[in-house]
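1. Quick one, structure for this:
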Amino acid sequence: MKVQNPSTIAVFHQASHSNTKSVNMSGTNSSGTKLAIINFDDGYKSQFTNAKPILDKYGFKASFFIVCNFVGKTAEEMNSSSIVNFAGRGVEQLTWMDIITLYKQGHQIGAHTMDHRNMTNMPNSELNYEIGRSKQCIVDHGIPITTFAYPFENGKDNATIVKKVSQYYSYARSGNYPLMFLRCDHFRKNTHQSDCRPYLPNGQISYANRYSIVGWSHDYDRIAFLYNDQQMLNRFIQVVSGEDKYNRPGQPVDAIPIVVYHRIDNSRAPYSTTVSLFTAEMKYLHDNGFKVVNMADLVYDNATNSFYLKNS
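-> Numbering: from 1, shown residues only. Below is the predicted model:
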């Protein structure tokens with residue numbers, strides 16, 4: 001994923017009460033509904049060795065988006081000159097055994113292309129490879145797959161790419177906003193959007209839809225604002241608590257935070273969350289009564305052109 005202009009990220013802060021000094025640490029949720037979805041991008045080994053034990057401790061299941069041609073590569077192999085424009089060069093990747101274990105234990109596996117390349121302006125044959133082949137790659141290992149995530153978020157507003165994604169996947173995830181609104185109707189930058197139709201009346205692709213589900217990158221704000229772990233924990237709490245404004249007892253779920261992580265280690269690399277911070281964030285969700293659901297729990301209703309959650 002890419003880092004956005006700090007002025008753009010400031011809009012996201014305003015949308016979810018960005019003053020990191022005024023966090024309600026009690027976890028009080030007036031709506032009675034607390035939900036979160038956890039995603040991991042890029043297939044780093046640390047997601048299995050460091051994040052999974054913490055998820056296991058609390059019984060949380062996540063979605064892991066895999067770059068197929070990186071699977072099983074050692075840190076040395078990830079330094080290959082063939083791997084370009086990727087923040088994880090030189091970092092060990094998940095193996096197929098790790099991925100199959102995650103799937104068998106109830107986590108969801110999604111595709112993140114074959115090579116983590118910017119798909120903008122790719123010819124059709126390369127799009128077929130990056131989008132279609134990445135699905136078949138995972139299916140070939142006995143794992144059914146319905147979801148896709150755009151590298152660098154590029155392609156979510158490209159009609160050719162969206163059409164290609166829709167041929168292979170039920171859903172796709174992009175970003176970057178603190179909450180995903182299941183009726184796609186509260187995004188500050190797209191107030192004219194009232195449902196999740198992929199195309200607006202003017203023919204342009206809508207900001208959020210089944211092929212552009214909005215996640216919040218845990219790394220964006222930290223990189224842009226140079227947050228330390230305590231500040232980032234405060235920001236995390238603000239983001240996941242933002243749904244309180246929209247979810248009401250006895251009503252269908254309206255908003256849900258989809259938190260996207262990359263590396264979980266103590267490298268302090270740009271796209272890395274420390275183990276202690278990830279532990280604190282998962283503990284916060286557990287201790288404050290959040291139900292962690294899966295991307296697979298999102299269902300699209302063609303009659304209303306909106307999402308809902310299974311069993312909600």
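
2. Could I get the CA-only coordinates of stretch 254-265 as CSV?
-> Extracted C-alpha coordinates of stretch 254-265, given in CSV (Å, rounded to 0.1, in the frame of the first residue of the first chain):
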residue,chain,number,x,y,z
ASP,A,254,-24.3,0.4,9.4
ALA,A,255,-20.5,0.8,9.9
ILE,A,256,-17.6,-1.4,10.7
PRO,A,257,-13.8,-0.7,10.9
ILE,A,258,-11.6,-2.9,8.7
VAL,A,259,-8.1,-2.6,10.1
VAL,A,260,-5.3,-3.5,7.6
TYR,A,261,-1.9,-4.6,8.9
HIS,A,262,1.3,-5.5,7.2
ARG,A,263,4.4,-6.7,9.1
ILE,A,264,4.0,-7.5,12.8
ASP,A,265,7.6,-7.3,14.2
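
3. What's the mean pLDDT across that stretch?
-> The pLDDT scores in stretch 254-265 average 97.

4. With stretch 109-116 instead?
-> 97.

5. Quick check: end-to-end length of it?
-> The first residue of stretch 109-116 is 16 Å away from its last residue (C-alpha to C-alpha, to the nearest Å).

6. who touches it?
-> 41-43, 63-70, 83, 85-86, 99, 102-103, 119, 129-131, 133-135, 137-138, 143, 145-149, 151, 169, 173, 295 (C-beta atoms under 8 Å, 6 or more residues apart in numbering). For the C-beta atoms, the positions are set from N, CA and C on the backbone; glycine is no exception.

7. among the residues you listed, which ones are buried?
-> Neighbour counting with 16 or more other C-beta atoms under 10 Å marks 41-43, 63-70, 83, 86, 99, 102-103, 119, 129-131, 133-135, 137-138, 143, 145-149, 151, 169, 173, 295 as buried within the contacts of stretch 109-116.

8. Spell out which helix or strand contains the residue most central in space within the chain, please.
-> Centroid-nearest residue in the chain, with C-alpha atoms, centre = their mean: residue 260, separated by 3.8 Å. Using DSSP states H and E, residue 260 sits within strand 258-261.

9. Could you list every helix and strand that the next helix or strand after that strand packs against?
-> Sequence-wise, the next helix or strand downstream of strand 258-261 (DSSP H and E) is strand 263-264. If contacts are counted by 3 or more C-beta pairs under 8 Å, 6 or more residues apart in numbering; DSSP states H and E, strand 263-264 sits against strand 272-273.
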